[in-house]
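Novice: no sequence on this one, just coordinates:
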């Protein structure tokens, strides 16, 4: 699907365009960042290991549901939707494109600070090349402050809302901490206005709301998620639940503007499945995960991100004491 086709294309032209996009997707995959979360030993991340973001980002259900919600919030604005669809491999490789976005998010939370800055600088250089016009002729630039701010805000809202709804309730203080912690990463991307709470996110949304509109691309994206192509080994019903879960955490006014009808309603079985999967993911201490490996890089127990906050503080105090004694 293309956002706009000014003139009818012949079968040959369409074939050539698809071949070009496929080649671009292959090239993008070859450039995918490889991040070593275990090295160099002792190098801190941009965020502290006892941050709320370390707790939330280790949960795959929260990341999946929150990531889809964030994309829907971004695609609601034609400028972002056009920028992504016309200047990336998303139309032919949405899963690969989403995976690379996920890597950039993970390295910003868990990666060595030097590597995080390197990845963020690379993403920013790519975004600097993105500009154009929406189908109705509205100009856009990916590095436009308003768009940068909104993209950053949607990610924060999506992840914290998904974790709070489907994994484990977060206190108001922890939710505010989550938003505040994201500021350091946002500033590296060029963000000038960060939402420090859900209320501030809603204020940002109100400013952009007149631009929000339905579009077939939103449905195409949701259908890709619901199809299960991203992870064929996971039961398809869980993919459908994930897509509906993402729609369910959208602010109601956004869902209405995007015209996401009752077929995207979260059923009781969907909710039960997501909560069960979310809690299971929260208990699963994955030794291959960025959270585990980053903790080991810092000289902490690999399970640090899974420990209760009080236990985390005790471990940090003990670690500080050992370092002071050396």
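Specialist: Cool, got the structure. Everything quoted here is computed from the prediction, not taken from an experiment.
Novice: Pull the contacting residues for the residue most central in space within the chain.
Specialist: Centroid-nearest residue in the chain, with Cα atoms, centre = their mean: residue 67, separated by 4.0 Å. By Cβ atoms under 8 Å, 6 or more residues apart in numbering, the residues touching residue 67 are 98, 101, 102, 155, 158, 159, 246. Where you see a C-beta, it was placed from the backbone N, CA and C, and this is true even at glycine.
Novice: Most neighbours of all those, which one?
Specialist: Most neighbours among those, by other Cβ atoms under 10 Å: residue 246, with 28 neighbours.
Novice: Go ahead and confirm it touches residue 225.
Specialist: Yes: assessed by Cβ atoms under 8 Å, residue 246 is found in contact with residue 225 at 7.5 Å.
Novice: Now the common contact residues for the two.
Specialist: Residues touching both residue 246 and residue 225 (Cβ under 8 Å, 6+ apart) are residue 68.
Novice: Run through the strands of the chain in chain order.
Specialist: Assigned by DSSP state E, the chain shows strands spanning 131-133, 139-141.
Novice: Check which residues of the last one are buried.
Specialist: What that stands for is strand 139-141. Burial within strand 139-141, assessed by neighbour count using 16 or more other Cβ atoms under 10 Å, is assigned to 140, 141.
Novice: Serialize the strands of the chain to JSON lines and add fields for distance to residue 36 and mean pLDDT.
Specialist: Compiled in JSON lines, those are given as follows (distance: least, Cβ to Cβ, whole Å; pLDDT from 0 to 100):
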{"stretch": "strand 131-133", "distance to residue 36": "34", "mean pLDDT": "93"}
{"stretch": "strand 139-141", "distance to residue 36": "33", "mean pLDDT": "94"}
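Novice: Show me where the protein dips below the pLDDT cut-off.
Specialist: Along the chain, the model assigns pLDDT under 70 to residues 1-32, 89-98, 321-326.
Novice: ok, the nearest residue to residue 313 once chain neighbours are set aside - contacts?
Specialist: Excluding the flanking residues, the one nearest residue 313 by Cβ to Cβ, 6 or more residues apart in numbering is residue 50, at 6.8 Å. Residues in contact with residue 50 (Cβ under 8 Å, 6+ apart) are 309, 312, 313, 316.
Novice: how many neighbours does the second one have?
Specialist: If I follow you right, that is residue 312. 21.
Novice: ok, it to residue 166 distance?
Specialist: Noted for residue 312: a distance of 23 Å to residue 166, by Cβ to Cβ, to the nearest Å.
Novice: starting at the chain centroid, how far to the lengthiest helix in the chain?
Specialist: If you go by DSSP state H, the chain has its longest helix at helix 145-166. Centroid separation for helix 145-166 versus its chain: 8 Å, with Cα atoms, centre = their mean, to the nearest Å.
Novice: Which neighbouring elements make contact with that helix?
Specialist: helix 52-57, helix 60-75, helix 78-87, helix 172-181, helix 183-189, helix 198-208, helix 236-248, helix 268-283 (3 or more Cβ pairs under 8 Å, 6 or more residues apart in numbering; DSSP states H and E).
Novice: which of the residues in stretch 270-278 are buried?
Specialist: Per 16+ other Cβ under 10 Å, stretch 270-278 contains these buried residues: 270, 271, 273, 274, 275, 277, 278.
Novice: Pipe those residues into TSV and attach distance to residue 88 per row.
Specialist: Compiled in TSV, the buried residues of stretch 270-278 are given as follows (distance: Cβ to Cβ, whole Å):
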residue	distance to residue 88
270	30
271	33
273	31
274	28
275	33
277	29
278	29
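Novice: Looking at those residues, which two lie furthest apart in space?
Specialist: Greatest spatial distance in the buried residues of stretch 270-278: 270 and 278, 12.1 Å, computed using Cβ to Cβ.
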